[in-house]
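[1] quick one: sequence and predicted model below, then my questions.
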Amino acid sequence: MALKHIIDDGKGNITYRDETDSEKSAREAKVAAQEAKRYQKNRTVGSFDESTGKNTKTTYGNLSEQLDMLYRDVAAGKFGDDAKTGEWYVHVKKTKDDNPKPS
């Protein structure tokens with residue numbers, strides 16, 4: 001659906017026109033970039049959802065715990081496809097699965 005643009009010539013004359021394809025693409029790209037930034041912020045910082053009274057922050061383990069998981073996985077030789085059975089990968093995958101990225 002194309003948006004209407006209001007054009008004011010500064011002399012009291014107002015006209016309307018449909019947005020061009022390039023304007024529509026630019027608007028959609030801007031909205032997508034804003035949504036991606038909001039998603040990243042909520043995954044790392046979180047926000048408070050007033051309707052539920054809950055924090056929306058994704059809960060990854062703290063960094064030192066994650067590094068320890070990675071160390072144990074490397075020490076156990078978990079590389080390639082086998083890495084997908086490691087503690088760290090399983091932890092991060094569960095967090096991502098529990099908090100899917102909006103499409």
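    Everything's here; your move.

[2] only C-alpha atoms from now on, for both contacts and neighbour counts.
    Fine.

[3] in stretch 15-34, what's buried?
    For stretch 15-34, burial by neighbour count (16 or more other C-alpha atoms under 10 Å) applies to residue 19.

[4] show me what residue 6 is bridged to.
    Counting by DSSP bridges, residue 6 is bridged to residue 16.

[5] may I have the predicted confidence score for it?
    With respect to pLDDT, residue 6 scores 77.

[6] count of neighbours near it?
    Neighbouring residues of residue 6 were enumerated by other C-alpha atoms under 10 Å; the total is 12.

[7] same question for residue 8.
    Count around residue 8 with other C-alpha under 10 Å applied: 11.

[8] ok, it - contacts?
    By C-alpha atoms under 8 Å, 6 or more residues apart in numbering, the contact set of residue 8 is 14-15.

[9] may I have the phi/psi pair for it?
    Here is the backbone geometry of residue 8 (degrees, to the nearest 10): phi -110, psi 120.

[10] this structure: helices as residue ranges?
    Assigned by DSSP state H, the chain shows helices spanning 21-44, 63-75, 87-98.

[11] save those as CSV, and put in distance to residue 12 too.
    Formatted as CSV, the helices of the chain follow (distance: least, C-alpha to C-alpha, whole Å):
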stretch, distance to residue 12
helix 21-44, 25
helix 63-75, 60
helix 87-98, 54
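
[12] any idea which of those helices scores lowest on pLDDT?
    Among those, helix 21-44 carries the lowest mean pLDDT, at a mean of 82.

[13] re earlier: just so I know, which of the helices of the chain lies nearest residue 3?
    Residue 3 sits nearest to helix 21-44 of all the helices of the chain, at 8.0 Å, using C-alpha to C-alpha.

[14] and the angle from the closest one to helix 87-98?
    Taking axes from the mean of the first three to the mean of the last three C-alpha atoms, to 10 degrees, helix 21-44 and helix 87-98 form an angle of 120 degrees between their directions.

[15] distance between helix 21-44 and the chain's centre?
    Distance of helix 21-44 from its chain centroid, counting by C-alpha atoms, centre = their mean, to the nearest Å, is 10 Å.
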